[in-house]
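Trainee: Next one to model:
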Amino acid sequence: MPDVFQVAIRTSLAVVVLFTITKLLGKRQVSQLSLFEYITGITLGNLVAYISMDLQTKWYLGIVGLMVWSLFSLGIEFLQLKSKKMRDFLDSKATVLIKDGKVLEDNLKKERLTTDELMEQLRKKMAFRIADVEFAIMEPSGDINVLLKRENQPITAKHLGIKVGPEQEPQAVIMDGKIMDEPLATMGLSRQWLNMELEKKGVAIENVFLGQVDTYGLLYLDLFDDQIKVPFPQEKESAFVLLKKCEADLMSFELATKDEKAKAMYKQCVDRMAKIIEETRPYLYR
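Mentor: Here you go, the predicted structure:
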């Protein structure tokens with residue numbers, strides 16, 4: 001058999017085997033690989049090159065090497081899942097770099113991290129001053145996570161005592177001008193509803209690059225033609241304004257009437273409307 005065909009067949013076989021092994025070993029980003037997983041990746045690549053190009057040796061020996069490395073890697077991952085000591089040995093432990101606002105110089109030296117590198121990583125976490133950092137730790141993956149001092153942390157709705165509605169994952173219901181039926185069903189919606197929403201906005205389905213529905217059932221559209229402006233959904237704001245208008249009308253009725261029974265009834269309605277507004281505010285007001 002000509003060498004060209006041998007290389008082609010060996011390479012195809014090696015790709016199939018490597019793909020299968022990769023699926024078995026799982027998927028991680030390069031920055032999340034442990035030291036052993038990094039070495040395994042390099043070794044598997046070398047073995048695949050050996051299988052593909054070394055025509056003077058028996059190809060199946062390379063396959064055996066791939067299988068042994070793969071089984072060994074699976075065994076190591078199993079031990080890591082079962083044993084904290086194995087995880088610490090293979091991945092190492094996290095290292096505290098800043099504690100109580102103080103830089104731990106000895107730990108910086110241990111991780112061979114310079115002050116400039118530390119400052120670079122802090123800036124990536126939007127911490128431009130060490131004085132703003134309460135705690136920083138280097139993870140086994142090499143990432144540095146930062147906890148800002150309480151006075152420097154962003155204010156959230158919880159800090160203000162505001163209850164907000166739960167958020168669900170937005171679903172892409174239109175991609176490249178095509179309706180995606182599965183995400184629509186996930187949101188409990190239908191094609192008829194989608195077509196009606198598109199008609200209200202005056203947009204044809206084939207002109208939509210991407211359409212998303214959020215947890216409140218509002219449709220957001222991005223068109224192929226960026227010059228066309230699609231109105232932003234205002235249903236929640238309109239509903240909130242309508243409730244506030246009803247509350248104001250009831251207050252005016254209460255003030256206008258001289259009948260004590262009617263005044264008491266309107267007062268009761270105002271209180272009930274205020275309670276409704278307070279309960280729905282997290283869902284309607286942005």
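Trainee: shaky segments in the stretch 151-286 of the chain?
Mentor: Within the stretch 151-286 of the chain, the stretches with pLDDT under 70 are 157, 159-166, 231-238, 241, 282-286.
Trainee: Please repeat the previous calculation with a cut-off of 80.
Mentor: 154-168, 200, 215-217, 225-245, 249, 252-253, 256, 277-286 (pLDDT under 80).
Trainee: can you check the stretch 1-150 of the chain too?
Mentor: 1-81, 83-92, 140-142.
Trainee: Domain boundaries for this protein, per the record?
Mentor: With domains defined by automatic domain parsing, the chain comprises 3-89, 95-152, 171-232, 236-284.
Trainee: Make JSON lines from the ones you listed and add mean neighbour count and distance to residue 158 to it.
Mentor: Where you see a C-beta, it was placed from the backbone N, CA and C, and this is true even at glycine. Below are the domains of the chain laid out as JSON lines (neighbours: other Cβ atoms under 10 Å; distance: least, Cβ to Cβ, whole Å):
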{"stretch": "domain 3-89", "mean neighbour count": "14", "distance to residue 158": "30"}
{"stretch": "domain 95-152", "mean neighbour count": "14", "distance to residue 158": "13"}
{"stretch": "domain 171-232", "mean neighbour count": "14", "distance to residue 158": "19"}
{"stretch": "domain 236-284", "mean neighbour count": "14", "distance to residue 158": "12"}
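Trainee: Contacts only, for the residue most central in space within the chain.
Mentor: The chain has residue 169 as the residue nearest its centroid, 9.7 Å off, counting by Cα atoms, centre = their mean. Listed by Cβ atoms under 8 Å, 6 or more residues apart in numbering, the contact set of residue 169 reads residue 215.
Trainee: SS state for it?
Mentor: coil (DSSP: H, G, I helix; E, B strand; the rest coil).
Trainee: And it, its phi and psi?
Mentor: When read as degrees, to the nearest 10, the backbone of residue 169 gives phi -70, psi 130.
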